[in-house]
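Undergrad: Quick one, what's the 3D model for this:
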Amino acid sequence: ALAVPAAVAVLHRPAVAAPPLPGIPFGLTVDGLAAIGVCTLVAVFAAVVVFSAGRHEGAGARSRYYGLLLLFAAAMLATVTAADLLTLLMAWEVMGATSYGLIAFHWRDPRTGSSAAASFLTTRTADLGMYAAAGAALAGGSRGLELGGLVGLSAPWDHVAAGGLLVAALGKSAQLPFAFWLSRAMDGPSPVSALPHSATMVAAGGYLLLRVQPA
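TA: Modelled structure (predicted):
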């Protein structure tokens with residue numbers, strides 16, 4: 001009878017924690033919400049890899065193709081399990097960088113290069129909101145940039161953090177006024193459109209808002 005509560009308690013403990021900056025930890029944790037995200041990502045990623053292998057996607061540069069896919073998946077896993085804004089921001093940016101590389105995979109085609117640049121610059125502009133939120137969290141007295149501590153920020157920093165996270169979520173989820181980047185991202189390989197830009201990366205914005213929702 002005690003096994004189930006003990007297992008649930010383990011899910012809420014940080015699996016990895018290290019202090020990269022004084023007073024600011026680097027943490028990954030898995031709770032019920034993160035577990036759903038991890039399972040969804042693994043299922044979608046497995047389907048995309050099988051489909052890519054069947055289509056011989058990445059012919060001539062298979063190591064680059066699958067390397068970028070794996071790096072994207074790792075960044076997305078870190079995003080859904082991040083316990084603080086520093087970890088989330090690092091994973092968020094790696095996800096955007098690998099998205100650029102995947103869209104521009106067929107880089108000899110001028111259109112893919114311009115589409116990758118347009119998508120990258122648009123999402124990076126929206127990501128400035130994440131930096132603003134992290135700065136507001138520090139200024140507002142958040143301990144270690146923990147996501148759970150954002151609800152206790154002092155005014156007006158709580159509004160700045162909320163607004164910054166909302167802008168970052170709108171950009172990653174391709175919502176107005178950042179919606180146009182998603183259509184440009186479709187110029188990448190079809191499996192890439194299925195993994196980063198339809199099933200996981202676009203969903204990351206919504207996940208972010210659920211992640212910071214007060215309990």
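Undergrad: I'd say Ala174 and Met186 touch.
TA: No: in this structure, Ala174 is not within contact of Met186 by C-beta atoms under 8 Å, at 11.0 Å. The way it works is simple: take the backbone N, C-alpha and C, and place the C-beta from them, glycine included.
Undergrad: the more surrounded of these two?
TA: Ala174 (22 against 14; other C-beta atoms under 10 Å).
Undergrad: Just give me the neighbour total for the residue nearest to that one when sequence neighbours are not counted.
TA: Leaving aside its chain neighbours, Ala174 sits nearest to Leu182 (3.8 Å; criterion: C-beta to C-beta, 6 or more residues apart in numbering). Counted with other C-beta under 10 Å, the neighbours of Leu182 add up to 19.
Undergrad: just the one 10 residues further on next, same as before
TA: Each residue near Val192 was counted by other C-beta under 10 Å, and the total is 27.
Undergrad: Over to Ala194?
TA: 16.
Undergrad: quick one on the thing from earlier: got phi/psi on the residue nearest to Ala174?
TA: phi -70, psi -40 (degrees, to the nearest 10).
Undergrad: so what secondary structure elements neighbour the longest helix seen in the chain?
TA: Across the chain, the longest stretch assigned as helix under DSSP state H is helix 110-139. Using 3 or more C-beta pairs under 8 Å, 6 or more residues apart in numbering; DSSP states H and E, the elements in contact with helix 110-139 are helix 85-103, helix 157-172, helix 180-185.
Undergrad: To Glu146, which of the ones you listed lies closest?
TA: Of all those, it is helix 85-103 that lies closest to Glu146, at 7.8 Å by C-beta to C-beta.
Undergrad: What residues of that closest one count as buried?
TA: 85-96, 98-103 (16 or more other C-beta atoms under 10 Å).
Undergrad: What mean pLDDT does that helix get?
TA: Averaged over helix 85-103, pLDDT sits at 91.
Undergrad: what's the distance between that helix and the middle of its chain?
TA: 6 Å (C-alpha atoms, centre = their mean, to the nearest Å).
Undergrad: now the angle from it to helix 110-139?
TA: 180 degrees (axes from the mean of the first three to the mean of the last three C-alpha atoms, to 10 degrees).
Undergrad: relative to helix 157-172, how tilted is helix 85-103?
TA: 20 degrees.
Undergrad: Which helix or strand in the protein has the lowest average pLDDT?
TA: helix 3-11 (a mean of 41; mean pLDDT, DSSP states H and E).
Undergrad: that older thread, what about the helices and strands packed on helix 110-139, which gets the closest to Asp127?
TA: helix 157-172 (5.6 Å).
Undergrad: Can you tell me what sits against that closest one?
TA: 92, 122-123, 125-137, 139-141, 150-151, 153, 175-178, 201-202, 204-206, 208-209, 212 (C-beta atoms under 8 Å, 6 or more residues apart in numbering).
Undergrad: Check the offset of it from the chain's centre.
TA: With C-alpha atoms, centre = their mean, you get 14 Å for helix 157-172.
Undergrad: and that helix, which residues are buried?
TA: Of the residues in helix 157-172, those buried (16+ other C-beta under 10 Å) are 157-158, 160-162, 164-172.
Undergrad: returning to what we had before: avg pLDDT for the longest helix of the chain?
TA: 92.
Undergrad: likewise stretch 204-215?
TA: Average pLDDT, stretch 204-215: 81.
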